[in-house]
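>>> next input, structure requested:
(5 chains, ligands or ions: 4)
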Amino acid sequence: QMPAAVYEPYQDVTLVVNFPAHPHYDAAMRVLPLFTEETGIEVEVDQLQYLRMRERQTLELTQDEGDYDLIAYVVFSKADYVFADQLHNLARFFMDPSLADPNYNPDDLIDGYVQNIGVAGGTKGYLPGPTGSLFGIPFGSETSVLGYRTDIFEEHGLEVPETYEELLELACLIPELEPGMGGLASRAASGHQASHAYLLHLNPLGGGIFDDNWEPIVNNAQGVEAAEALKSIVDCGIEGSTTFGPSEAAAAFAQGQYGMFLDSIAFAAGFEDPSRSTIAGNVGWAMHPMGVERASQTGGFGLAIPRNAPNAEAAFLLMQWLTSPRIDLMIAMEGGNPSRFSTYQDAALNERFPYSATFGEALRFADPDWRPIIPTWGEINADLGTTLSQVLTEGVDIQEALDGVAERARGIMDEAGYYAWQ
Amino acid sequence: MPEIRLENLRKAYGPVTVIENLNLTMDDGEFTVLVGPSGCGKSTTLRMIAGLESVTGGSISIGDRDVTRLDPKDRDLAMVFQDYALYPHMNVAKNMSFALRLARYPKAEIDSRVKEVAVTLGLDQHLDRRPGELSGGQRQRVAMGRALVRDASTFLFDEPLSNLDAKLRGQMRAELALMSKRIQKNMVYVTHDQIEAMTLGDKIVVMRGGEIMQAGTPEELYRRPANRFVAGFIGSPTMNFLSAELQQEGDALFVSGPGFQIPLSPERTQSLDGRKDRSVQLGIRPSAFAEDDGSGSLTLPIVLSEYIGAQSVLMSELGGQSIQIEISTAAPIPAGESRSFRIDNEELHLFDPQTEAAL
Amino acid sequence: MPEIRLENLRKAYGPVTVIENLNLTMDDGEFTVLVGPSGCGKSTTLRMIAGLESVTGGSISIGDRDVTRLDPKDRDLAMVFQDYALYPHMNVAKNMSFALRLARYPKAEIDSRVKEVAVTLGLDQHLDRRPGELSGGQRQRVAMGRALVRDASTFLFDEPLSNLDAKLRGQMRAELALMSKRIQKNMVYVTHDQIEAMTLGDKIVVMRGGEIMQAGTPEELYRRPANRFVAGFIGSPTMNFLSAELQQEGDALFVSGPGFQIPLSPERTQSLDGRKDRSVQLGIRPSAFAEDDGSGSLTLPIVLSEYIGAQSVLMSELGGQSIQIEISTAAPIPAGESRSFRIDNEELHLFDPQTEAAL
Amino acid sequence: MSQGHIENRTNPAFYVLLICLVVMSAGPIVLMLANSFKLNVDITSPTASLFFMPTLQNYETALCEFLPYDPEHLRRCDPTFGRALVNSLIISLVSTALTLVLGCMAAYAIVRFRFMGRDAASFTTLIMRMVPPAVLLVPVFGIWNEQFGLDGTRSGIILVYVAMNLPFVIWILQSFIVQVPIQLEEAARIDGAGPFRVFFLVVLPLIKPGLAAAAIFTFRVAWNEFLLANALSDRNSRTVPVTIVNSITEYNIDWGVIMATGMLLAIPPILFTFFASRQIITGMTAGAVKG
Amino acid sequence: MNIQAANRLTPYMFLAPAAAVMIIALLYPIGYMVYASFLDWNPSQRIGEAEFIGLRNYINLWNSDSFWESFWVTIRFAALVVSLEMFLGVGLALLLDRQLRGMAVLRTIFILPMMIAPIVVGLMWRYMYHPQVGVFNRWLNDLGFDTIPFLGDSSWAFASIVIADIWQWTPFIFILALAALQSLPSSALEAARVDGATGWQQILYIKLPLMMPVLIVTCLLRLIDAFKVLEVILVMTNGGPGLSTEILALRISRTASEFRQLGEAAAMSNYLLILLMIITAVMFVYTRLNDARLARIRAAGARAAQAEEEAV
Ligand SMILES: Nc1ncnc2c1ncn2[C@@H]1O[C@H](COP(=O)(O)OP(=O)(O)OP(=O)(O)O)[C@@H](O)[C@H]1O
Ligand SMILES: Nc1ncnc2c1ncn2[C@@H]1O[C@H](COP(=O)(O)OP(=O)(O)OP(=O)(O)O)[C@@H](O)[C@H]1O
Ligand SMILES: [Mg+2]
Ligand SMILES: [Mg+2]
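Ligands and ions are numbered 1, 2, ... in the order given. Purely as a prediction, here's the structure:
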C-alpha cells in the first residue's frame, strides 16, 4: 500500500478525466470510487463515445488551460497529440520519487500494448526505439483472437486452425457442413471496417502498408494474398455480410450464424451474455492463426496527461493507480481488459473468464506495427477501405485495386513530405 | 333554370341559430331580391343555396333534384360574393375567364365574352391588372364580371353594386334588368338599395333575424306590408309610426292620437269592426303627405327642413312624436313655419301593437 | 382640428398616374365629402392624407405642419377603410379598443366608450365575436366603430355605410351629422350615396380621373354645376342631356332641337349673348318636369313607366333621344300614353359641347 | 363566415391511402418501439418473430437514475441522462423562442421595408445556411473559447443554435409575412401603433401557422443537434444527443437501449409538435379585408 | 405601398438583433473557414500555426477523382431527394388539408419521422435494411423472393439512402406546405368551387399558385439541407459501398475529423457553397426577371390605357 503521504498535497484536487464509453472503462469506473476512498482525491469522469471523445480532445488540447487532467485516447490519436506537443512526457513523473511508485512493475505491462499505444518518437516516429519515449500507458487495450463454436467443431470433428491455410479452408468448409452457416465472421463494410479486416490478415501473411522507406507495398504479392484471403472469407460468409461492421459481425456470430470469429478480445464477454447471445457456453478461443508469422492486431486506448492539464501530478497518481497490478486485476475482474501479463495469468481471473490465459498468450505476439500511426493514415485508410469495399462488392480486380491504392498513397505521402530526404 | 325550393332550412353556428325554418320557392326564371337588416341572414341563405355553407337542417332543391349535400360545382350556379373573393394571383381577365376556362370553352369565345362584359363594366382598360392594383369599386366590378360571363342556370348576387357610384349603379341595374329579361335565368339578389330591390325584383323577400317577414311583388310590399317591420323597412325615407287609438264616432271610425284625428274610409271601418277603442300603431309614409291649402286635416310645424334638389325632407311633430315628411317643392321650405297637409286614406297603415301584424 | 391643405398633390403607380395635381383645402371643422366615379382616386386621396400611400409629388399640410412625409401614427387621425381591414385575431371589442389601448387610456374609459359606440352601431350583441364570424354589414360597422371610439383630430371615412341597410344607414347618417356638429373635427368622407353626400357634406368635392371637377356646397353643385360632368354626376336619377341649338327669334332666345323649342328667360338670353346659332348641350333633371294640363310646352310619349311608391320614373323620348322623367304620382302612369309637361326655366342647364363647361 | 364547409363525402379510397401512408410513415417507428422492448439477442436474431417476451430492461437502463430501485441487469448506472435532459430542454426551448422572435423580426424588415442592403441581407442570410457544421466546428470552438469565453456554457450552445437556425426562420417566415394583408398593418398604423407594435400585435399573431411550422423545425434541430453540442458543451451543459451515442461503441451497438433512448428522446419534440401543429389552423385572416 | 420616409432606421432596428447574432456567431466563423481553405491546417493546430498554401487545397480537390465522384453523387442525391420529397410532402399536405376528427394526431404521426434523432434513424434504417434481420429482406424471404442487398450493392445502397432520406424529410415539406395551405384565403377557394373547379382544378389553379412563394422557399431550403445530410448516411453506409453513397457533406466531415485536414474540408465546403450560390442566384434572377417581365407587360397595358383615356 502506498503511504497516504504521497496523496496528501492533492487532497483538495478534483480530477477531471475524459473516458470513452467502452466496457473496459465502465469496469474501471466501478472501481474508481476506491481511489477516492484510498487517496481522498475526487474524480469526475466525462464519458463520451470514443470518436466524439477524440474530436473533443482535439479541440480541448489546443487550449491554453484545458478541462481535463487525464485523458484516455484512442491509439491513433497518439501521432496527432504527440506531434502537436500536447501530451506530457511521462519520464518527468516516473523520475519524480515523490510520485513514482517503486512497486509499479513496468516490466509486467504488455510490451505490444506499450509499444503500440504508449511510445512515440522511435523507429518511423511512432514506434519504440532509442529515440522514443513514453507518453501514455495502455488502459483498455485489445488484441485479435480467434473465437470458434466448440459445439460445431466437435460435431464435425474439426481442428482449431493454427495456420492461415487451415483457417481459410475451414472458413469455406463450414458453410458446406452446416448449410446456411457462414465460415468466419468478418467486418467488411466500406471504409474503415474493410480496411481493418484486411489489415488483420496483412501482417500475418507477411505484407505491410509501407516498407522502411515509406514506399507503399500494399500491392505486392503478400498484399494481394491478404486481399484474396479477405475476399474468400467474405464470400464464404452469409448473405449480405459485405455490409457488416464489427457489431453486425459479432451479432451474426452470437446468433449462431457463423462457425468462427476473428476479431478483438473485447467481444468475448458479450458472447457469454445470454441477453445478447444464443451461443453462450459454446465459444472456444484460440490464438490468431499464423501465416508466415504470428502477428495479432493491437489497439484500444491509453491514458495520458495533457500538457494543459490543471493538475498533472495528481493525474499521474491516478494513472499510476489505475494501471497498477492490483487495480488492473480488480478491473479485469469487473470485465475490463488487462494491461498486464500477470493479470492474465491470475487464477481467480481465469476461473471467472476461462479464456484469459489464451488471451495472455496471444498478447505475446501482439504486433505494434500492423498499421502506421502517422497523420496521413486516416486518408490512406479510408481510400484502402473504400477500394477494398469495391473489391468485395463489385468484383474489381484485386491487383489493379491495390495498385491504385498504392499510387494514391504515394501521392499523399509525397505531399506530406515523407520523401523529402530522398 | 328550374325553380329553387328551400324547405325548413335551418342554419346554426354552434349555439347561434342564424336561419330558422326558412321556406321559400323561387320560380323558374324569377328575379328574387332578398332584403333585410344587416346580419339578418341574407348572405348565409345565399351561401347555402350555393353550397358553400353546410345546412344544419331542412333541404334545398333545384328543380326535382335535392341538392342539399351537393358540391357547389355540381349546382351550376354563378355567384358574386359580398366580399368579392377575387383570385389574388390572376389578373382581371383571368379572374373573369376562370370558370369558362375550367369548362373548356373555346379560347376565342372566352376572349369575346370577357371583352364584352369588361366593356359593360368599364373594366376593359384594366384587364391585365391584379386585384390588388384596383380600386374598391373596380374589384367589385370584377366580381360582378366573373358571374356575368357565365352561362350558369342560377345567378346569386350578394350586394353586387354596393361600392359603385350612382351612375354606374344605374347602368348596371339596367343591364341586369335586361339580362334577367333576356336570359330568363333564376336570379337571387341581395341588396340594401331600395331602388334596386324595387326595380329589379319580380319578388322581394324581406328577412329579419333569420326569418322571412313577407315575400311578394314590390308593389305588394309597398302597398300592403304584412306587418310593421316590412312597412318600416320598405320605402325610403321610412314610414312614420304613431301610437294611436281607434275611436268610433257614430258610424265613422277615426284613428286618433294626441293632436290628430283622421277619419277612416267606410271599407276600412268595416274591416276593422270589433277593434274600436283599441290602441293601434298608425303608419304613414313621408311621401303620403301632400301640401294643401289649409283645408286639409293636419297643420304641422316644420322643425327641420332639408332640401335635396327638387324635393324637401321635413321634420315635424305630431302629438309629441317626431315625423318625417317628403314633398316635392320647387324651393326650400324654411324651418320654423307651419304648413297644412292632407293624407290619402289609402296611405294609412294600421298595425296591431302587440303582434305588429297589419290590420 | 386644423385645416388640411393638399397642394399640387400627385400620385403615380409606376407609369400610371392616378392623382394629378390636386389642390384642395379643407377648413377647420369642415365636413368634406369626396364623390366621383369608381376608380377616380378618392381612396387614394384619402390614403395619402392618412399617410398610407407615399406621395409622388406635392405636399399635404395639416394646420401649419407639413405632414407629407410623416408617419400615419403621428398625424392623429382615425380612418374607416373601404375594405374594413379588421384585425382578424381580435374580437369586436378588441378591434374597436385597439387604438385606445395603444394610447393607454384607462380601462374603464375604454370600456365605456366601446360600449357606447357598439350600442350606436347595434353591435353590442357581438362584442366578443371575431370578424370572421360576422356578416358583411356587421364588419363594416366594426370598421366604423373603430374610428368612432377615437379622439383623433381628423376622421377619414371611405364609403363607411355602403353595406348597411337603409334604416341603419339613415341612423348612422344622423349620428354622423350630429357628431360632426358636436365635435367639430375635420371629416373627410368618401361616398357614392347621393343622399349622404348631400345631407352630410359642408362641402362636396367631385373628382374624375384623379382631378377635381368642382368643389362647393351641396346646393351649389346641384343648382349650378360647373360642367356637364358634375351636372350628370350629382342628382339621381341623372340629368337628361340633349343636343340642341341656340336660336334667336326676335329678341327671344330659344334652345331648340328636333321636336322641341324652349324659350329662355331674358336674363339667360342676356348672358348667352353672342352664342346664338351655336350648338349647346341642354341638361334637364328628371325631376324638373312637372305635369301640366296640356298648356305646357312639351308633350311626351311615355315609353316605359316604373312605379316606386309615391313616385314614378318614366322613360320618354324627345327628338330621338331618350329621357327620364321623375314625378310624384298617386297612381302608376300606364306606358303608351302621352302626357304634357312643363319645365321651369331655372331648371335648364346649358353646356358647351366642346369644353363641357356650363354656360 | 367561412367556417362551415360542406363536408365532402370522403372517398373510401382516401382512407385506404391514408392508412397506407400512416403505415409507411409510422412503420419504422413502431418497429423501433417494438425493438425497444426486446433484448438484443431477439433484435439481432434472424428468426425471431412478431412474438417476443417484452422487457422493460432497456428502459430501465436508459432511465436508471430515476428508478427507485437498482435494476439487476445493470452493473453501472450512467447518471448523466437526467441532467442532459434538463439541458436539452432548456437549450431547445430558449433557442427556439429566441430564433423565432429574432427571425421573424428580421423577416418582417426584409418583406415590408425597402432599405439599403435589403437584397444583400436576404441573400447573405441564405448563404450562411449553406455552410456545413463540420467545417464550422473548429472555428466556432476556437472563437467561443478564446474570444467569447462561452465554452461549456448553455448560452454558448444557444447562441450558435440561434445563429444556425435564423436563416431558415427568416426565409420561411418571409413568405408567410407577405401573405398578411397589408391593410391590417395600415389600420394599426392609423390606430397609432409604431412599427414594433404593428409587428408584435398584428403581424405576429397572424403568421401563427408559419411560426408553428418554423418552430417545429427549429426545435427539432436544436433538440437533435449533435456535432456542435459535443464540441461546445462540457459535462454540465451536455445535451441528450451527445449522451445517447455513448451506447454506440464500435464493438457493440446496444440496439435495445438505443431504441429505448431514441423513443424517450422523441417524446419532447413529439409533444412540442403536437401542440405547435395545433396552431397550424386555417382561416387566420378570415373577415379581415374585403376584396 | 409603404411610406418609409419618417423613420429610415426602423428596418435596421428590426434586423439588428438577428443580424448581430448571425454576424457574431455565423459570419465570423465562416470568415475563418474561408480563410482556412487557403491553409494546411490540422485541428490540433491553432489557426495561426497553420501554413498558408494558397489555392493548393482547391487545386488538389479539382484534380481528385473521388472528390468529383462525391460531387456527382451529391448532386444526384439532392436532386432526386428534393424532387420526390416536394412531390410527396405537398401531396400529403393537400391530402390532409381537411377537417377530420383526430387530424392533430394524424399530422403528428406524419411529422414523427423528422423528430427522431438522426443517429437513431440511421441505425433504424440500417437495421431494417439488414440482410438477415431486416424486415424488408425477411418479408422478401417469406414471400419467396430473393433478398436484396440494400446496402451491399452500390445502386441499391444509393436507392436505400434516398428512401431513408425521403422518409425522414418529407415531413419537413409537409409541415410547411400545410401551414401555407392553411394560410390561403378561403374566399378564393369558395369562388373557385362556385366557378365549377373540381378538387384537382382547385389544387392546380388556386392552391398551388397561391402556395408558390412558400413552396419555392421550402424547396430552396430543403435543397440546401439535402447538401448537408450527414448523420443518417454516415450510420447507414458510411459512404459505401465504394464511394456510391459518399455525399460531399460526409466527405467534408470525414476530411475534417478523420483525415484531419481542415483546410481541405473548408475548400470543399466552399466549392459546395459556390454551387449552391449559383443555384440560388439562378432562382433569384429567374424570379426577378419574371417579375420584371410581368411588370413590363402590365406597364405597357397601363400606358396604352392612359393614352386611350386621354384621347377620349
Ligand atoms: N397598385 C396600383 N397600381 C396601379 N394602379 C392602381 C393601383 N392601385 C390603385 N390603382 C388605380 O388607381 C385608381 C384610383 O384608385 P382609388 O382606389 O383611389 O379609386 P376610388 O376612387 O377609391 O374608387 P372606388 O370608388 O372604386 O373605391 C384606380 O383607377 C385604380 O385602378
Ligand atoms: N361563424 C359564425 N358564427 C356565428 N355567427 C355567425 C357566423 N357567421 C355569421 N354569423 C351570424 O349570422 C348572421 C347572418 O349573417 P349573414 O352574413 O347571413 O348576414 P347578412 O344578412 O348577409 O348581413 P349583411 O347585410 O350585413 O351582409 C349574422 O348575425 C352573423 O353575425
Ligand atoms: Mg351579407
Ligand atoms: Mg375607393
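>>> list the contacts of the residue nearest to residue A:262 when sequence neighbours are not counted.
Leaving aside its chain neighbours, residue A:262 sits nearest to residue A:146 (5.0 Å; criterion: C-beta to C-beta, 6 or more residues apart in numbering or on different chains). C-beta: built from backbone N, CA, C; applies to glycine. Residues near residue A:146 by C-beta atoms under 8 Å, 6 or more residues apart in numbering or on different chains: A:160, A:161, A:167, A:260, A:261, A:262, A:285, A:286, A:287, A:288, A:289.
>>> ok, residue A:146 to chain D distance?
To chain D, residue A:146 is 16 Å away according to C-beta to the nearest C-beta, to the nearest Å.
>>> so after the helix or strand in which that residue is found, what's the next helix or strand?
Using DSSP states H and E, residue A:146 falls within strand A:137-149. Sequence order places helix A:150-156 as the next helix or strand after strand A:137-149, per DSSP H and E.
>>> and the helices in the stretch 1-150 of chain D, which stretches?
D:12-36, D:40-43, D:57-62, D:81-112, D:118-129, D:133-142 (DSSP state H, counting those that start in this stretch).
>>> give me the mean pLDDT for the fourth one.
Taken as a whole, helix D:81-112 has a mean pLDDT of 90.
>>> from the chain's centroid, how far away is that helix?
10 Å (C-alpha atoms, centre = their mean, to the nearest Å).
>>> circling back to that earlier point, now the residue nearest to residue A:262: how far from residue A:182?
Distance of residue A:146 to residue A:182, given as C-beta to C-beta, to the nearest Å: 15 Å.
>>> endpoints of stretch B:324-339, how far apart?
End-to-end distance of stretch B:324-339: 13 Å, with C-alpha to C-alpha, to the nearest Å as the criterion.
>>> give me the pLDDT for residue 108.
Because you didn't say which chain, this covers chain A. 90.
>>> not quite, go with chain E.
Looking at residue E:108, the pLDDT reads 85.
>>> tell me if it really is in a helix.
Yes: counting by DSSP: H, G, I helix; E, B strand; the rest coil, residue E:108 is found in a helix.
>>> got a pLDDT number for residue 209?
All of this is about chain A. pLDDT, residue A:209: 90.
>>> hm, I was asking about chain E
With respect to pLDDT, residue E:209 has a value of 91.
>>> on the three-state scheme, the residue of the stretch 251-400 of chain A found nearest chain D is what?
Nearest residue of the stretch 251-400 of chain A to chain D: residue A:251, at 3.9 Å (C-beta to the nearest C-beta). Under three-state DSSP, residue A:251 falls in the helix class.
>>> where does pLDDT dip in chain D?
Residues of chain D that meet the criterion pLDDT under 70 lie in D:1-10, D:48-51, D:71-78, D:249-251, D:291.
>>> tell me which residue is most central in it.
Nearest to the geometric centre of chain D sits residue D:220, at 1.6 Å (C-alpha atoms, centre = their mean).
>>> any idea how far residue A:380 is from that residue?
Counting by C-beta to C-beta, the gap from residue D:220 to residue A:380 is 38 Å.
>>> in space, not sequence, find me the middle residue of chain A.
residue A:299 (1.8 Å).
>>> now that residue. Nearest residue, chain neighbours left out?
Nearest one to residue A:299, counting by C-beta to C-beta, 6+ apart, is residue A:75 at 5.1 Å.
>>> how far away is that neighbour from residue A:87?
Where residue A:87 is concerned, residue A:75 sits at a distance of 13 Å (C-beta to C-beta).
>>> with distance to ligand 1 added, can I get the helices of the stretch 1-150 of chain D in TSV?
Shown next, in TSV, are the helices of the stretch 1-150 of chain D (distance: least, C-beta to the nearest ligand atom, whole Å):
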stretch	distance to ligand 1
helix D:12-36	42
helix D:40-43	64
helix D:57-62	60
helix D:81-112	16
helix D:118-129	20
helix D:133-142	44
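>>> figure out which of those is closest to residue C:57.
Closest to residue C:57 of those, according to C-beta to C-beta: helix D:81-112, at 24.2 Å.
>>> quick one: classify the residue nearest to the centre of chain D as helix, strand or coil.
Quick answer, by three-state DSSP: residue D:220 is helix.
>>> can you name the residues that contact it?
Contacts for residue D:220 (C-beta under 8 Å, 6+ apart) come out as D:269, E:114, E:115.
>>> and for residue B:145?
B:92, B:95, B:96, B:114, B:117, B:118, B:121, B:123.
>>> in this structure the last one contacts residue B:141, no?
Which is residue B:123. Yes: the pair formed by residue B:123 and residue B:141 meets the contact definition of C-beta atoms under 8 Å, at 5.5 Å.
>>> which residues of the stretch 1-150 of chain E fall in helices?
E:10-22, E:28-36, E:56-62, E:65-96, E:103-115, E:118-128, E:135-142.
>>> so what's the gap between the first one and the chain middle?
If you compare the mean C-alpha spot of helix E:10-22 with that of the full chain, they lie 25 Å apart, counting by C-alpha atoms, centre = their mean.
>>> state the mean pLDDT of that helix.
88.
>>> chain neighbours aside, what residue packs nearest to the residue of chain B found nearest chain A?
Closest residue of chain B to chain A, C-beta to the nearest C-beta: residue B:89 (49.1 Å). Spatial nearest neighbour of residue B:89, excluding adjacent residues (C-beta to C-beta, 6+ apart): residue E:209 at 4.8 Å.
>>> returning to what we had before: how about the strand holding residue A:146 as PDB, C-alpha atoms only?
Output of strand A:137-149 as PDB, limited to C-alpha atoms (Å, rounded to 0.1, in the frame of the first residue of the first chain):
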ATOM      1  CA  ILE A 137       0.100   3.800 -20.600                       C
ATOM      2  CA  PRO A 138      -2.200   1.300 -22.200                       C
ATOM      3  CA  PHE A 139      -5.500   1.000 -20.500                       C
ATOM      4  CA  GLY A 140      -8.300  -0.800 -22.200                       C
ATOM      5  CA  SER A 141      -6.300  -2.200 -24.900                       C
ATOM      6  CA  GLU A 142      -7.200  -5.100 -27.100                       C
ATOM      7  CA  THR A 143      -5.700  -7.700 -29.500                       C
ATOM      8  CA  SER A 144      -7.100 -10.100 -32.000                       C
ATOM      9  CA  VAL A 145      -8.000 -13.700 -31.200                       C
ATOM     10  CA  LEU A 146     -10.000 -16.400 -32.900                       C
ATOM     11  CA  GLY A 147     -13.300 -17.500 -31.500                       C
ATOM     12  CA  TYR A 148     -14.900 -20.700 -32.600                       C
ATOM     13  CA  ARG A 149     -18.000 -22.700 -32.000                       C
END
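>>> look up phi and psi at residue B:110.
phi -60, psi -50 (degrees, to the nearest 10).
>>> look at the closest residue to residue B:79 other than its chain neighbours and report its pLDDT.
Using C-beta to C-beta, 6+ apart and skipping residues adjacent in sequence, the residue nearest residue B:79 is residue B:156, 4.2 Å away. Looking at residue B:156, its pLDDT stands at 93.
>>> give me the number of residues near residue B:156?
29 (other C-beta atoms under 10 Å in any protein chain shown).
>>> and what of residue D:23?
Residue D:23 has 10 neighbours, counted by other C-beta under 10 Å.
>>> separation between it and residue D:15?
12 Å.
>>> what do you get for residue A:345?
Per C-beta to C-beta, residue A:345 is found 70 Å from residue D:15.
>>> what does the helix or strand that contains residue B:43 rub up against?
If you go by DSSP H and E, residue B:43 is part of helix B:42-50. For helix B:42-50, contacts defined as C-beta under 8 Å, 6+ apart pick out B:4, B:6, B:9, B:11, B:18-19, B:22, B:34-36, B:53, B:55, B:60, B:72, B:75, B:77, B:79, B:82, B:154, B:156, B:158, B:188, B:190, B:207, C:135-136, D:1, E:194.
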